[in-house]
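**Student:** predicted model and sequence below, questions to follow.
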Amino acid sequence: MKAIIFGVSGQDGYYLTELLRGKSLEVVGVARSAGDVKGDIADFEFVAQLIKAHRPDYIFHFAANSSTRHDTLFENHQAISTGTLNVLEAVRKHSPSSKVFLSGSAVQFQNDGTPIDERSPFEASSPYSIARIQSAYAGRYYRKTFGLAVYCGYFFNHDSPLRTERHVNQKVASAVKRIAKGSNEKLELGNVDVEKEFNYAGDIADAIWVLVNQDSVFEAVIGSGEAHSIKEWAEYCFRKINRNWEDYVVINPNYKPEYKILVSNPALLKSLGWRPKVGFHQLADMMLGEA
């Protein structure tokens, strides 16, 4: 069996590649600057020729810029929206038996502070969410009109040691490791009362595999349903090196968070048999390493 992963260079691509190869699948990893094949998912001819040549059993679309900033409008449109259409049209033409997984996001839903599930309405709150919403509707169109097996998993926050410091969990963990080695730096954070999920990227890969290997559920939120504050994360990480987080953290009073809480209701996914294996504290320990 064979799989193509677009956007293989990120943490999701890494953990899914490890999972698939562990199951003896041949994996073709695609990214613009890394992977087995270098290319742009926004280029239809490239995507079509690749899918035609391999006719894979599975195709996973992770390519995106994870920023919600307005200045990433066109980059996200090309990678997510155009990329989705390119994959789906190439599958329709050249490999209609391929199963396609489209990555979605928690931030494409209306968030009123209650747990989000598959029935929650979409809300175009950023250019990133617009691209994700368009991708989801494209998947529905190709599934309904052409009978393609198109799955969409809506990711809630998930991390791993592979995260960059653009993400707050890694920003905190990396600073703690440097401070443990003698750094006297101060760590600037925004609103530490914001609550979100602290999932492990390896568990998310497991959830994707569960989702694409059944044919009754085609869209599912992927999260633990367990929220913690950034303050809890900072407290725990600093406690691991016997320090008080408040002695090292500077709060930016001008920071405006996108939400106060972002949490899933993963009942549907759990009904398929998936459960996360790595919890909040285990994830922190993993990201801190030998700190």
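**Tutor:** Done, it's in. Numbering: from 1, shown residues only.

**Student:** which residues touch S120?
**Tutor:** 109-110 (C-beta atoms under 8 Å, 6 or more residues apart in numbering). (C-beta placed from N, C-alpha, C; glycine too.)

**Student:** run the last query once more with 10 Å
**Tutor:** S120 sits next to 106, 108-112, 114, 154, 221, 264-265 when contact means C-beta atoms under 10 Å, 6 or more residues apart in numbering.

**Student:** need the residues you listed in a markdown table (columns: pLDDT and secondary structure).
**Tutor:** Listed next are the contacts of S120 as a markdown table, based on pLDDT from 0 to 100; DSSP: H, G, I helix; E, B strand; the rest coil:
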| residue | pLDDT | secondary structure |
| --- | --- | --- |
| A106 | 97 | helix |
| Q108 | 96 | helix |
| F109 | 98 | strand |
| Q110 | 97 | coil |
| N111 | 97 | coil |
| D112 | 96 | coil |
| T114 | 97 | coil |
| Y154 | 98 | strand |
| V221 | 98 | strand |
| S264 | 98 | strand |
| N265 | 98 | coil |
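
**Student:** of the residues you listed, buried ones?
**Tutor:** Listed as buried from these are 106, 108-109, 111, 154, 221, 264-265; burial here means 16 or more other C-beta atoms under 10 Å.

**Student:** list the buried residues in stretch 273-285.
**Tutor:** Neighbour counts over stretch 273-285 (16+ other C-beta under 10 Å) mark 274, 276, 278-280, 283-285 as buried.

**Student:** now that stretch: how far from the chain's centre is it?
**Tutor:** 16 Å (C-alpha atoms, centre = their mean, to the nearest Å).

**Student:** start and end of it, how far apart?
**Tutor:** By C-alpha to C-alpha, to the nearest Å, the extent of stretch 273-285 from end to end equals 26 Å.

**Student:** neighbouring strands for the one helix or strand L102 maps to, and are they parallel or not?
**Tutor:** L102 is part of strand 99-105, with elements assigned from DSSP states H and E. Each strand paired with strand 99-105, and its direction, by DSSP bridges: strand 58-61 (parallel), strand 149-155 (parallel).

**Student:** and the shortest one, how far out from the chain's middle?
**Tutor:** This points to strand 58-61. Remark: strand 58-61 is offset 14 Å from the chain centroid, using C-alpha atoms, centre = their mean.

**Student:** now do the last one
**Tutor:** Taking C-alpha atoms, centre = their mean, one finds strand 149-155 lying 12 Å from the centre of the chain it belongs to.
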